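Participant: structural data only, the sequence is not supplied:
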């Protein structure tokens, strides 16, 4: 029984088990989808909150100041003490600056973006697929209804099968939509956080590029 289905079961005056039974076989994949999306969303929310709490913009600014003054070891020392993801990118970049600073920065940035993007394709897939799974339940429920109608002219005798098919159609659709709605809001929220992370990385990249270009001009003079 999915947690999204409990309010719907209450509105239909059904117990959770009765609700699940009336939903038909399509409720099994919907339960799997609901458990997966709840697990991933909780993990991503915890990750987002933890990353926000570890942001240390002051240390990043101090690192850039040390880099501007040519004290790369000092910048690395500050970065290693910080849990900020921008600081980690700068530390990796500075420790590999002898090979290719641009490539080192890009590689470290991609690793951080991968951490932010983890689980997002799963949420996206479930948000997209859940309504279709519910629609499949609608189709099978209506097929059962039409089959009951075609068995004879005695509507009263087949009323249980008819209402059962309609109930299966409505329940499956409602559960599929509930799962999709539940996943949509955190998905958009975490996409916004990913976009903010990309903006912060781009800002750090531009600052680092500007500092290094100034140092190059100074050494040339």
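Facilitator: Received, thanks. Quantities reported herein were computed from a predicted structural model and do not represent experimental measurements. Numbering: from 1, shown residues only.
Participant: how about residue 175, nearest residue that isn't a chain neighbour?
Facilitator: Computed as CB to CB, 6 or more residues apart in numbering, the closest residue to residue 175 that is not its neighbour in sequence is residue 30, at 4.9 Å. C-beta: built from backbone N, CA, C; applies to glycine.
Participant: isn't residue 26 up against residue 140?
Facilitator: Yes: counting by CB atoms under 8 Å, residue 26 touches residue 140, with 6.4 Å between them.
Participant: quick one: stretch 81-93 to chain centroid distance?
Facilitator: 24 Å (CA atoms, centre = their mean, to the nearest Å).
Participant: one more: stretch 191-211?
Facilitator: 20 Å.
Participant: list the contacts of it.
Facilitator: 48, 51-52, 60, 64, 67-68, 85-86, 89-90, 93, 101, 105, 109, 112-113, 116-117, 120 (CB atoms under 8 Å, 6 or more residues apart in numbering).
Participant: please indicate which of those are buried?
Facilitator: For the contacts of stretch 191-211, a burial check counting by 16 or more other CB atoms under 10 Å picks out 48, 51, 60, 64, 67-68, 85-86, 89-90, 93, 105, 109, 112, 116.
Participant: go through these and say which is closest to residue 131.
Facilitator: Distance to residue 131 across the buried ones among the contacts of stretch 191-211 (CB to CB) is lowest for residue 48, with 25.3 Å.
Participant: contacting residues for the spatially most central residue of the chain?
Facilitator: With distances taken as CA atoms, centre = their mean, residue 120 lies nearest the centre of the chain, 3.4 Å away. For residue 120, the contact set (CB under 8 Å, 6+ apart) comprises 44, 187, 190, 191, 194.
Participant: ok, back up a step: the more surrounded of residue 26 and residue 140?
Facilitator: Per other CB atoms under 10 Å, whichever of residue 26 and residue 140 has more neighbours is residue 26, with 24 against 17.
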